[in-house]
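[1] fold the following.
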Amino acid sequence: MKTRLLLSGLLLAATVSAQRNVDLDKFSISAQYRALPQIQIDTTYRTFNVEIETTRLMQPLLNTISPEKSVWIDGWRKLDRDGHIRIKIRFEDILPESVSTKERIETIKNRNGQITGTRTYYSQEVIYTFQANAILEDYRGMNLEERMLANRNNKMVYRSPEFAIKTVADGYFALNSISIAQDLFRRNVQNAVNNLSNQLTRDYGYQTVTSTDIMWIVGSRKDAEYDDHRKAFQIVSDAFFRMSADKPTDEIREMLQPAIDYFNKIKRVYNGKSKRERKLRYASYYNLAVIYYYLDDPMAMMNEAKGLRLNDYDTGDATGFEHSATNLKNVLQINNMNTRHFPIDITKFKGPYERTDVTSK
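    Next up, the predicted model:
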């Protein structure tokens, strides 16, 4: 009988301890949304065309690589000409500035690891520069902006293959200068075009983004909220899995409502000052802030961030949420929209001079 009482006492003590302390584990979720333009522009502008020019020396090579085909803006339609925005890109020559021969000494070892000699290898190092810029104009001729894609202040390095004979290395660039310059031109043109496309998509485009985030879920099996916390997370995970940048979030919000109600209930039920209660409330504020961010509700997210700050447990996360909520609110206002979830069919976009019966690309 005494043994049973002792065992019961230990179990009671363990239960009380679990109620006083709660472990929170990180659980990952993924959600999809559409990034909105960062720069305000006429919202009727949704087509563009690209014009490329270069120097006389590089023109024959430019004709073989067609970099204009690699320029894109997510959510916009590219035309051969007369788009709402004309992107004019100019590429300058590759200019070598200095040529030098470098050496590398390699030690030779026998099977026992002892150094038995050395080998010397030689290569040429060429310091060169490249320059490119892009000008954006609308179809009315208004200059929107100019971007430097590469400038000659940035010194770049080309290294030749290595050779065992120094004289071979010394003459490598002189012998192959044309093919090397062409290869460097191709490489730098492609890099410039890719960087420009990424910049334009970020500033003017509608890129589909799949984001990974975390939520805080009770990890203590003996805690009274363990099972319900897991169920709430499963609801969120399932709903976010179905979230698409191309579809409104009305149905997703309905799916999430039980989880939202549960996390709000936790804040009301556990309203004390103990560490366990503050940690449970922290998880609720945090998880709700994440949910509202992907539901495009910056005001609700800001409220959760404020609650997180006042909760007096790991309040540093509040700053990040407030910053994210403010950015979300601003980008929605800039684009005069209330959501980042909507379909885009670029085939429906017409250039300013296109007839409605023109077949899109």
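[2] in the stretch 251-361 of the chain, what spans have low per-residue confidence?
    Along the stretch 251-361 of the chain, segments meeting pLDDT under 70 span 356-361.
[3] need the contact list for the closest residue to F130 other than its chain neighbours.
    If the residues on either side of it in the chain are set aside, F130 comes closest to N188, at 4.5 Å by CB to CB, 6 or more residues apart in numbering. Yep, even glycine has a C-beta here, placed from its N, CA and C like the rest. Counting by CB atoms under 8 Å, 6 or more residues apart in numbering, N188 makes contact with 94, 130, 132, 150, 156.
[4] likewise N194?
    Applying CB under 8 Å, 6+ apart, the residues contacting N194 are S70.
[5] next one: it from E137, what distance?
    Look at N194 and E137: by CB to CB, to the nearest Å, they are 22 Å apart.
[6] name the nearest of the contacts of N188 relative to G113.
    For the contacts of N188, the minimum distance to G113 (CB to CB) is 39.0 Å, reached by M156.
[7] what pairs with that closest one across the strands?
    Under DSSP bridges, the beta-bridge partners of M156 are Y128.
[8] check what pLDDT it gets.
    We have a pLDDT of 97 for M156.
[9] and what of the one 5 residues further on?
    The per-residue pLDDT reported for P161 equals 96.
[10] the closest residue to it other than its chain neighbours: how many residues sit nearby?
    Excluding the flanking residues, the one nearest P161 by CB to CB, 6+ apart is S123, at 6.6 Å. When neighbours are counted by other CB atoms under 10 Å, S123 registers 16.
[11] backbone phi and psi for S123, please?
    Dihedral pair for S123: phi -150, psi 160, per degrees, to the nearest 10.
[12] doesn't Q38 fall inside a strand?
    No. With DSSP: H, G, I helix; E, B strand; the rest coil as the criterion, Q38 is assigned coil and is not in a strand.
[13] the residue nearest to it when sequence neighbours are not counted: what's it in contact with?
    Using CB to CB, 6+ apart and skipping the chain neighbours, the partner closest in space to Q38 is D203 (5.0 Å). For D203, the contacting residues are 37-39, by CB under 8 Å, 6+ apart.
[14] any idea of the pLDDT on D203?
    D203 carries a pLDDT score of 96 in this model.
[15] helix, strand or coil: sort out L256 for me.
    What three-state DSSP gives for L256 is helix.
[16] helix or strand for the closest residue to it other than its chain neighbours, which one?
    Nearest residue to L256 in three dimensions, chain neighbours excluded: A239, at 4.8 Å (CB to CB, 6+ apart). Per DSSP states H and E, A239 falls inside helix 226-242.
[17] show me the contacts for L24.
    L24 neighbours (CB under 8 Å, 6+ apart): 216-219, 279, 282-283.
[18] likewise K109?
    Going by CB under 8 Å, 6+ apart, K109 touches 115-116.
[19] now do 10 Å
    K109 makes contact with 115-117, according to CB atoms under 10 Å, 6 or more residues apart in numbering.
[20] cool, Q190 as well?
    Applying CB under 10 Å, 6+ apart, the residues near Q190 are 65, 67, 70.
[21] which one of these sits in the busiest neighbourhood?
    In terms of neighbour count, P67 stands highest of the contacts of Q190 at 20 neighbours, by other CB under 10 Å.
[22] what sits against the residue nearest to D25 when sequence neighbours are not counted?
    If the residues on either side of it in the chain are set aside, D25 comes closest to G219, at 3.6 Å by CB to CB, 6+ apart. Residues near G219 by CB under 10 Å, 6+ apart: 22-27, 226, 229-230.
[23] which of those residues count as buried?
    Burial of the contacts of G219 was assessed by neighbour count (16 or more other CB atoms under 10 Å); the buried members are 22, 24, 27, 226, 229.
[24] of those residues, which is the nearest to I180?
    When the buried ones among the contacts of G219 are compared for distance to I180 (CB to CB), F27 comes out closest, at 52.4 Å.
[25] pairing-wise in the sheet, spell out the partners of the residue nearest to P161.
    The partner residues for S123, given DSSP bridges, come to K102.
[26] ok, now which ones touch it?
    Counting by CB under 10 Å, 6+ apart, S123 touches 100-104, 159-163, 169, 172.
[27] of the residues you listed, grab the buried ones for PyMOL.
    Remark: buried members of the contacts of S123, expressed as a PyMOL selection using 16+ other CB under 10 Å:
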select buried, resi 101+160+162+163+169+172
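[28] from the contacts of S123, which ones fall inside strands?
    100-104, 159 (DSSP state E).
[29] what is the most widely separated pair among these?
    Spatial extent of the ones in strands among the contacts of S123 (CB to CB) is set by the pair S100 and R104 at 13.5 Å.
[30] helix, strand or coil: sort out R152 for me.
    R152 is classified as coil under three-state DSSP.
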